[in-house]
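S.K.: With the sequence up front, the predicted model follows.
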Amino acid sequence: MKNIDFKGLFPATVLPMTEDAQIDEPALRHYMRHIAQTTVHGVAINVDTGEAPHLSHGERVRVIEIVVDEIGDRLPVIAGLPAQFTEQAVAYGRDYKSAGASALLVFPISAYQGSPLDPEVVVRYHVAVGDGAGLPLVLFNLLPSLGGVLLPAEIIERLCGLAPVVAIKDASFDARVFVEVMTAVRSQSRRIAVLTGNDPFIHESFVLGADGALLGFGAVPTGQLAEMVDLAVLGRYAESKVIMDRLAPLERAMFGPPVRDYRARAKEALVMQGIIPRATVREPLLPISKADRKAMRDAMVAAGELAQSVAAG
Amino acid sequence: MKLDLGGLIPATVLPMTEEGLVDEAGLRKYIRHVAAAEPKALAINVDTGEGPHLWPKERLRVLEVVLEEVGDRIPVIAGLGAQFTDQAVSLARDLKAVGVHGLLVFPISAYQGTPLDPEVPVRYHAAIGDASGLPLILFQLQPALGGVNFEPETLSRLCTVAEVIAIKEASFNPQLFVEVRDAVKSARSDCVLLTGNDNFIYESFLLGAEGALIGFGAVATKQQVDLIEHALAGRHQEAREFMDRLTPLVNAIFAPPVRNYRARCKAALVMLGILERETVRLPLLPISAAEREGIRKSLIFAGELDQSVHVAEAS
C-alpha cells in the first residue's frame, strides 16, 4: 500500500444520478476524470456529499469500484464508513477494501451519543474496524448538530495511538476546538495528519497548522480549491488568501441554511459547468428552488467558475 | 386491527447469547413475562431492543419470534430505522409481510440542520404509509439522542398523512411536550399522544398523555401498566404512589451515560430471574459492579426484588 500524501486537498465528491435517482455510472466516470485533472491528493467518496447515507451498502461498494477503476491508479480513494454497530462496520470495511478503497473515513455512530462518552466505546470500535478491515483509518470529529460527537482530547490521543490511524478530519466548525484537536494530535509521538473539514475557515485552518483538507466544498471549484490548499501548505498565505476570498461567496451559497441542500446545490453548479448532466438528488433530499439556483449561479460567476455570458443565457 | 394505544407500550430489550446473538429461547420467555402484565402493545426493535445494532434479517427474525409468542393477543409495533426513503419503503414492506401491527418511524439524518423543510419528513412518512398501509407512530426525539424537535407546522402537516395514528414525544422537555400536544391535537384530535419521556412519566399524564411508549417499560412492566391505568382514570393518588416507588429505579436505569440503559435493564431482568444474562452487543459495553448495585437497591425499593434474596446472596 502506497502512503497517502495528506498535504493537499481531498474533495468529498458528489454522486451523479440518473433521472430516477440511480447511480449514473458514465457521468460518475466523467466527473472523476474531471476531478483527477486538478492537483488534488485523493478523493473522499461515499461521504455525506456523495449521499452515502442514502445509498445501500451494495451501491456504496459499486461506487468505490467505479471510482477506483477510473482514477485509482493515480489517486488514493478514501471511502466513508457509515455503520451502526461494530460487526457491521467490520463487514462493510472488508467489502470496501475488496472494492479497492485506499483508506476509510470512520463516521461517528449513534452509540457515541449521550455523555459521558466512555473512551472504550470509541476506541474498541476503531480497533475492531482497523483489525477487521485492514485499511488505514481517518478519524472523524463531527459537530453534534450534524449527527456527530466532538471527541475529548483524551479519546483523540488514545485513537492516535492505534496503528491503523493515519489522519483525522476535524469538522467541529469551531476554531477553538480545531486548535485543541491539533494540540492533542501533535502531542503524540506518531505523526497523524490533521485534515480540516471546516468549510467556514478553510484558509485559516492552514494558518492554524492543518496538513490538508477533506471538504465537500471541493466537489465544485476543485481546481481552484486544490491550488489554494497547495499554496497554503507551502505557507504562501498571501496567494492562497486571494483564491479563498474569491471562493468564499460560493462557499456561503453552497452551505447556506438549510445545509442539507448543499448536495443539490453542488450538483446544480456542476450542471451549469457542463460537468454532470443533471442535478438529481435521491429522496429524502429534495430539489432546490429557482432562487437558490440563481444564487449559486451568481456565486459561480463571482468565483470565476462560470463565464458571465453563460450565466446570462 | 384497530390499535388501542391508551396505556403502556413497553419497548422491550433483546435477550442475547454469550456471543451477542439473538437468544430466541430467552426472548420467548421474556416476552411471555412482559405479555402477562397486559400492556397495550409491544415496541420491538427500537433503541431499547438494540434495533440499531441488529442486521435487517435479525430484526425480522426477532419480530417473527415475538409475533409467534404473543401476536394473537398483543399488537406488535416495530421500530423502523432507515436512512433514506427507498430503504424505508422496502423495510416497511418486509415488516408488513412479517405481520406487525404498526410502525414507529425513527427520525433520519436528513432532518438535521435548520430550517427543516416540512416536505422532507412529510414525504418520508407518506412514502412509508403508502407502501405498507400500516398504522404509523410519529417519533419526536431530542437532538442529543439523534433526533429532531419538529416545528408545530411540520407536526400538523405530518398529522395529515393518512396512516399516522399517534406520536411518541421524547423531547424530555415538558414545555415542548405541551406544545406538541397542542399542535397535534389541533390538527388531528384522534392522534394519540404517547409520552416517551422517561424523566416525567407520571407527569406526562397530567399534561395530556394518553399512553406511554417507553424503554423503562422493559422492567417492572406490571407496575407501570397499573400506574398508567390509575393515571388515565384520574386516580392520581394511586398513580403517584406507583411513580414514587419506581422513581429510584428509573433514575438508576437512565443515569448518565444513558447508552448503558440497555445493559442496566438486562441486569435488572437477570436479578429478577427473567433473563439469563446481561450481554449487550458491541459497540455497547457491559456495566460496572457499582451500576449493578444501584439497580439492585432500586429494584428492592420498587418492591420488584425481595430484600432476602439480596441478603442471601451477599452472605
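M.R.: Cool, the structure landed.
S.K.: And for B:Pro39, the neighbour number?
M.R.: By other Cβ atoms under 10 Å in any protein chain shown, the residues close to B:Pro39 number 25. Just so you know, the C-beta spots here come from the backbone N, C-alpha and C atoms, and that holds for glycine as well.
S.K.: That one touches B:Ala11, doesn't it?
M.R.: No: when contacts are counted by Cβ atoms under 8 Å, B:Pro39 is not listed as touching B:Ala11 (10.4 Å).
S.K.: Now for those two: what residues contact both?
M.R.: Common contacts of B:Pro39 and B:Ala11 (Cβ atoms under 8 Å, 6 or more residues apart in numbering or on different chains): B:Gly217.
S.K.: mind listing what residue 13 touches?
M.R.: I went with chain A, as the question did not name one. Contacts for A:Thr13 were tallied using Cβ under 8 Å, 6+ apart; they are A:Tyr31, A:Met32, A:Ile35, A:Val43, A:Ala44, A:Ile45, A:Thr49, A:Gly50, A:Gly218, A:Ala219.
S.K.: that's the wrong chain, I wanted chain B
M.R.: Per Cβ under 8 Å, 6+ apart, neighbours of B:Val13: B:Tyr30, B:Thr48, B:Gly49, B:Glu50, B:Ala218, B:Arg262, B:Cys265, B:Lys266, B:Leu269, B:Leu275.
S.K.: does it count as helix, strand or coil?
M.R.: When classified by DSSP: H, G, I helix; E, B strand; the rest coil, B:Val13 comes out as coil.
S.K.: What count of nearby residues applies to B:Glu151?
M.R.: 15.
S.K.: any chance you could map the helices in the chain?
M.R.: Chain wasn't specified; assuming chain A. Here chain A has its helices, by DSSP state H, at A:25-36, A:57-71, A:86-98, A:119-133, A:153-160, A:175-186, A:202-207, A:222-233, A:237-255, A:262-272, A:290-302, A:308-312.
S.K.: let's do chain B instead
M.R.: B:24-36, B:56-70, B:85-98, B:119-132, B:152-158, B:174-187, B:201-206, B:221-232, B:236-253, B:261-271, B:289-301, B:307-314.
S.K.: Pipe those helices into CSV and attach distance to chain A per row.
M.R.: Below are those laid out as CSV (distance: least, Cβ to the nearest Cβ, whole Å):
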stretch, distance to chain A
helix B:24-36, 18
helix B:56-70, 10
helix B:85-98, 4
helix B:119-132, 5
helix B:152-158, 13
helix B:174-187, 17
helix B:201-206, 19
helix B:221-232, 23
helix B:236-253, 13
helix B:261-271, 9
helix B:289-301, 12
helix B:307-314, 27
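S.K.: Please identify the deepest-packed of the ones you listed.
M.R.: helix B:261-271 (a mean of 24; mean count of other Cβ atoms under 10 Å in any protein chain shown).
S.K.: What mean pLDDT does that helix get?
M.R.: Across helix B:261-271, the average pLDDT comes to 98.
S.K.: contact partners of that helix?
M.R.: If you take Cβ under 8 Å, 6+ apart as the criterion, helix B:261-271 is touched by B:13, B:15, B:30, B:47-48, B:50, B:215, B:218-219, B:249, B:252-254, B:275-280, B:284-287, B:291-292, B:295-296, B:299, B:304-305.
S.K.: same question, stretch A:266-277
M.R.: By Cβ under 8 Å, 6+ apart, the list of residues contacting stretch A:266-277 reads A:14, A:16, A:24, A:27, A:30-31, A:34, A:49, A:216, A:219-220, A:250, A:254, A:278-281, A:288, A:292-293, A:296-297, A:300, A:305-306, A:310-311.
S.K.: same deal with stretch B:142-153?
M.R.: With contact meaning Cβ under 8 Å, 6+ apart, stretch B:142-153 is reached by A:110, A:113-114, A:144-145, A:147, B:106-107, B:111-112, B:116, B:118, B:121, B:139-141, B:158, B:170-173, B:176, B:179-180, B:182-183, B:258.
S.K.: Swap in 6 Å and give it another go.
M.R.: Residues outside stretch B:142-153 that contact it (Cβ atoms under 6 Å, 6 or more residues apart in numbering or on different chains) are A:Ser110, A:Gln113, B:Pro107, B:Tyr111, B:Pro118, B:Gln140, B:Leu141, B:Ser171, B:Phe172, B:Ala183.
S.K.: just to revisit the earlier point, and the helices of chain A, which one is worst for confidence?
M.R.: helix A:308-312 (a mean of 60).
S.K.: B:Glu238 contacts B:His230, correct?
M.R.: Yes: taking contacts as Cβ atoms under 6 Å, B:Glu238 lies within contact range of B:His230: 4.2 Å.
S.K.: rewinding a little: which of the helices of chain B has the lowest mean pLDDT?
M.R.: helix B:307-314 (a mean of 55).
S.K.: Report the two of the contacts of stretch B:142-153 separated the most.
M.R.: Maximum pairwise distance among the contacts of stretch B:142-153 (Cβ to Cβ): 26.6 Å, between A:Ser110 and B:Ala183.
S.K.: what about B:Arg199, how many neighbours?
M.R.: Slight slip there: residue B:199 is Asn, not Arg. Around B:Asn199 there are 15 residues (other Cβ under 10 Å).
S.K.: nearest spatial neighbour of it, skipping sequence neighbours?
M.R.: B:Phe172 (5.5 Å; Cβ to Cβ, 6 or more residues apart in numbering or on different chains).
S.K.: got a list of what the one you found touches?
M.R.: Taking Cβ under 6 Å, 6+ apart, one finds B:Gln142, B:Asn197, B:Asn199 in contact with B:Phe172.
S.K.: What distance do you get for A:Asp5 to chain B?
M.R.: 31 Å (Cβ to the nearest Cβ, to the nearest Å).
S.K.: count of residues packed around the closest residue to that residue other than its chain neighbours?
M.R.: Of all residues not flanking A:Asp5 in the chain, A:His41 sits nearest, at 5.4 Å (Cβ to Cβ, 6+ apart). Applying other Cβ under 10 Å, we find 21 residues neighbouring A:His41.
S.K.: A:His41 reaches A:Asn3, doesn't it?
M.R.: No: using Cβ under 6 Å, A:His41 is not in contact with A:Asn3, being 11.2 Å away.
S.K.: how close does the closest residue to A:Val233 other than its chain neighbours get to A:Ser205?
M.R.: Nearest residue to A:Val233 in three dimensions, chain neighbours excluded: A:Lys7, at 4.9 Å (Cβ to Cβ, 6+ apart). Distance check for A:Lys7 against A:Ser205: by Cβ to Cβ, to the nearest Å, it reads 13 Å.
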